[in-house]
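K.L.:
Just need the structure, nothing else, for what follows:
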Amino acid sequence: MFERIFGSRAKGADAPRVEPVVSASPAQGGRPVNMQSSASADEWREFFGFMGTDAITRESAMKLTAVFGCVSLLAGTIGTLPVRVVKKNAQKGSEVLADHPAHYLVHIDPHPMFSAEVFFEGLFALAFLEGNAYAEILRNGRGVVTGLRPLFDANVKPFKRNGRAAYRITEDGQTYGRDQDDILHFRASATMKGLEALSPLKCFGRSIGIGLEADEYAQRFYKQGINPPGYISYEGKVSEQVADEVRAYWQRKFGGVQNSHIPAVLAEGGKFTSLMTDPETAQLFQSRSFQVLDVARAYGVPPHLIGETEKSTSWGTGINAQTTQFYILGLRKHVKRFEAELCRKLLTREERLNGVAVKFNLDTLLRADLAARYDAHKIAVGGTQHPGWMTVNETREMEGLPTLDDPDADRLFRPVAKGSGDATDQQADTGAKPPSAFFKSNREDAQ
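P.N.:
Model (predicted):
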């Protein structure tokens, strides 16, 4: 009785993938159709546009330079990382599965209209603005993935159906449904309620709105002056005609940038009192700087990466440490979240259990630092007289250089202690030359 009324959780979890039908079913037997919806009041306000003209949208939010800088930095950095399908192997390490059907899509062209970089950067930008971004997985008749279509302009709403997630998609005036296995759902923040992640525009949209208002205030301040520059007073009563004449004279003689430094001359006892305050006194610049820091704090981006260096130097070890911390703590969580979604939807369960995964190559971020990259190669080949864990040819291949024909370039370096059996007596006496077995591998020991 309990299962018949409430349903079985186990059966719902193992339900097969079925495309949900989201269109309204026709009335049967003349009975009225229940149009009651479980949508919240906020969702209805968004749908009918009751939020007013002050609502923060993704287009208006990108007009704020701090938001544009943070979103461009996060989405551009992650979206342009090389994406590959790899497999972990205990003997061979991680090898790229170039023949996997999903490798070409995530690495080169996911869609005929978009390259992989444009595809991922656009979706991640939407994710960092609205919290959620979606792409449809296109399959052939055998269920093999043949393409990924970004849903940039569609209105997507996830909901629960028979123990699985389904997606209601409204695009070009048509509404249709898709199963959870046919939609890539990228979340840029935590999911605390339902199936959608928190939206940055809703969480700190008020701060973004204050920043936009500060920009508008600054524009009016410098364009026409948001306050009158001052007032001219006379003893006694002044008629409206005289006031207009004095106002026109003042504007004609002293208005505009070209007349800003001409001294004013007032006749007949006129007295000018200034009401102007400089921008720093009005805390205009301070308020705009605070909004930049507030937005950067919300996105977890160091302010110096979006050009805010007022309270910190733009050079030195401190900045390098902040940038490194941003790569480790700021980007890694997003990269892992996006990788997990790609693995869940583009790979089978058996492939994931066998070590196959979709990976963003974060090592390419190190390519911008030439000295650090070369120092890493030096350590890898054993240049500090420690056992090497990469060969010379492997490091040359990473740099895009042709491999060497020297057989020693394919051997791992193993330091040989002075006076060991591998060194001759003459070498032990002079110490001028390294031992003959400069490169030594475990394979040679086995022989």
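K.L.:
how about residue 401, secondary structure?
P.N.:
coil (DSSP: H, G, I helix; E, B strand; the rest coil).
K.L.:
Residue 357 too?
P.N.:
Strictly by three-state DSSP, residue 357 counts as strand.
K.L.:
does the closest residue to it other than its chain neighbours sit in a helix or strand, and which one?
P.N.:
Nearest non-adjacent residue to residue 357, counting by Cβ to Cβ, 6 or more residues apart in numbering: residue 343, 5.5 Å away. (Glycine included, C-beta is placed from N, CA and C.) Here residue 343, judged by DSSP states H and E, is contained in helix 332-346.
K.L.:
Which positions in that helix come out as buried?
P.N.:
Within helix 332-346, the residues scored as buried using 16 or more other Cβ atoms under 10 Å are 334, 335, 337, 338, 341, 342, 343, 345, 346.
K.L.:
now for that helix, which elements pack on it?
P.N.:
Judged by 3 or more Cβ pairs under 8 Å, 6 or more residues apart in numbering; DSSP states H and E, helix 332-346 is in contact with helix 65-79, helix 101-107, strand 183-187, strand 356-360.
K.L.:
Just the CA atoms of the second one, as CSV, please.
P.N.:
Okay, so that is helix 101-107. Provided in CSV are the C-alpha atoms of helix 101-107 (Å, rounded to 0.1, in the frame of the first residue of the first chain):
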residue,chain,number,x,y,z
PRO,A,101,33.9,9.8,-29.8
ALA,A,102,33.8,12.6,-27.1
HIS,A,103,37.5,13.6,-27.6
TYR,A,104,36.9,15.4,-30.9
LEU,A,105,33.9,17.3,-29.5
VAL,A,106,35.5,18.6,-26.3
HIS,A,107,39.0,19.2,-27.8
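K.L.:
Packing partners of it?
P.N.:
Packed on helix 101-107, when contacts are counted by 3+ Cβ pairs under 8 Å, 6+ apart, are strand 83-89, helix 116-130, strand 145-150, helix 332-346.
K.L.:
Make CSV out of the ones you listed and add distance to residue 106 and mean pLDDT.
P.N.:
Shown next, in CSV, are those (distance: least, Cβ to Cβ, whole Å; pLDDT from 0 to 100):
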stretch, distance to residue 106, mean pLDDT
strand 83-89, 4, 88
helix 116-130, 6, 94
strand 145-150, 8, 94
helix 332-346, 7, 93
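K.L.:
I'd like to know which of those lies nearest to residue 243.
P.N.:
Proximity to residue 243, assessed across the helices and strands packed on helix 101-107 by Cβ to Cβ, is greatest for helix 116-130 (50.6 Å).
K.L.:
quick one: buried residues of the closest one?
P.N.:
Buried residues in helix 116-130, counted by 16+ other Cβ under 10 Å: 116, 119-130.
K.L.:
and which of those residues is nearest to residue 408?
P.N.:
When the buried residues of helix 116-130 are compared for distance to residue 408 (Cβ to Cβ), residue 116 comes out closest, at 37.8 Å.
K.L.:
So the residue nearest to residue 357 sits against residue 355, correct?
P.N.:
No. Residue 343 sits out of contact with residue 355 when judged by Cβ atoms under 8 Å, with a separation of 11.1 Å.
K.L.:
Count the residues that sit near residue 158.
P.N.:
Using other Cβ atoms under 10 Å, residue 158 has 18 other residues around it.
K.L.:
now swap in residue 71 and tell me
P.N.:
Using other Cβ under 10 Å: residue 71 sits among 24 other residues.
K.L.:
now do the one 10 residues further on
P.N.:
Residue 81: 21 surrounding residues under other Cβ under 10 Å.
K.L.:
And for residue 202?
P.N.:
For residue 202, the neighbour count with other Cβ under 10 Å is 13.
K.L.:
does it belong to a helix or a strand, and which?
P.N.:
Judged by DSSP H and E, residue 202 forms part of helix 200-203.
K.L.:
buried set for the helix or strand just after that helix?
P.N.:
Using DSSP H and E, the next helix or strand after helix 200-203 towards the C-terminus is helix 205-223. Buried positions in helix 205-223, judged by neighbour count with 16+ other Cβ under 10 Å: 205, 207, 208, 209, 210, 211, 212, 214, 218.
K.L.:
Not counting its neighbours along the chain, what's nearest residue 144?
P.N.:
If the residues on either side of it in the chain are set aside, residue 144 comes closest to residue 101, at 5.5 Å by Cβ to Cβ, 6+ apart.
K.L.:
Check the one you found and give its pLDDT.
P.N.:
pLDDT for residue 101: 89.
K.L.:
quick one: residue 380 from residue 361, how far?
P.N.:
16 Å (Cβ to Cβ, to the nearest Å).
K.L.:
So if I had to pick from the two, which one is more boxed in?
P.N.:
Neighbours per residue (other Cβ under 10 Å) separate residue 380 from residue 361, with residue 380 holding more: 17 against 12.
K.L.:
give me every residue that touches that one.
P.N.:
Residue 380 makes contact with 388, 389, 390, 394, 395 under the criterion Cβ atoms under 8 Å, 6 or more residues apart in numbering.
K.L.:
how much space between the nearest residue to the first one once chain neighbours are set aside and residue 346?
P.N.:
Same thing as residue 388. Among residues not flanking residue 388 along the chain, residue 382 sits closest, at 3.0 Å (Cβ to Cβ, 6+ apart). With distances taken as Cβ to Cβ, residue 382 is found 38 Å from residue 346.
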